[in-house]
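Q: Okay, here's the prediction I keep looking at, along with the sequence it came from:
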Amino acid sequence: YTRLRNLLKIGEWKEADYETYLVMLQVLGREEKDWIRNEELLNFPCKDLRTINTLWVKYSNGKFGFSVQKEIYLSVGGKADGKYNEETWEKLADKVGWRVNNNWIYMSNFTYDTSASKGHLPVFSYTGVDYGVSRLCVGVLFSRIETCKI
């Protein structure tokens, strides 16, 4: 996690976001440009998830990280039960700035600095498609974060 830590430490948020994806793939034994599947997230090692989240929270002074996103998700009525709920998903997206005026923004329009809304990063989607966070995996990720007590 040295590269991720170093990128976060110097505020290279976009590069750190991509590095997050790469280290998660590495933990799973997967290759770059591959998908992270729901079942893999359900069993993602707590130690690794905790390390990634801790780095994001620490170097953003509590503004970014999966646990920050989970708390916002819960605050808008979400449940960390691994299920997808479109209405709650959209509320989260509105709150963290992934949707503006009820329109999803493209990844190229994400804000990769500390002026972004709380919970805006990490984006957690590099699937070869420019549309942001994978809707279906967010509930699973938050469920895993809950299970890992992060």
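A: Right, received. Where do you want to start?

Q: in this structure, what residue sits furthest out from the centroid?
A: Asn101 (21.5 Å; Cα atoms, centre = their mean).

Q: From Ala93, how far off is that one?
A: According to Cβ to Cβ, to the nearest Å, Asn101 stands 12 Å off from Ala93. Bear in mind the C-beta positions are built from the backbone N, C-alpha and C, glycine included.

Q: do Tyr59 as well
A: Tyr59 sits at a distance of 23 Å from Ala93 (criterion: Cβ to Cβ).

Q: cool, and Leu8?
A: From Leu8 to Ala93 the distance is 23 Å (Cβ to Cβ).

Q: Look at Ile145 and say how many residues are nearby.
A: 24 (other Cβ atoms under 10 Å).

Q: quick one: contacts for it?
A: Leu49, Asn53, Phe66, Ser67, Lys70, Ala80 (Cβ atoms under 8 Å, 6 or more residues apart in numbering).

Q: any idea whether the fourth one is helix, strand or coil?
A: Same thing as Ser67. Taking DSSP: H, G, I helix; E, B strand; the rest coil as the rule, one finds Ser67 in the helix state.

Q: Can I get the one helix or strand Lys95 maps to in CSV, CA atoms only?
A: Element membership of Lys95, judged by DSSP states H and E, is helix 86-96. The C-alpha trace of helix 86-96 is given here as CSV (Å, rounded to 0.1, in the frame of the first residue of the first chain):
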residue,chain,number,x,y,z
GLU,A,86,-32.1,2.6,-6.5
GLU,A,87,-33.8,5.4,-4.5
THR,A,88,-31.2,5.3,-1.7
TRP,A,89,-28.4,4.9,-4.3
GLU,A,90,-29.5,8.1,-6.0
LYS,A,91,-29.8,9.9,-2.7
LEU,A,92,-26.2,8.9,-1.9
ALA,A,93,-25.1,10.0,-5.4
ASP,A,94,-26.8,13.4,-5.0
LYS,A,95,-25.2,13.9,-1.5
VAL,A,96,-21.6,13.1,-2.6
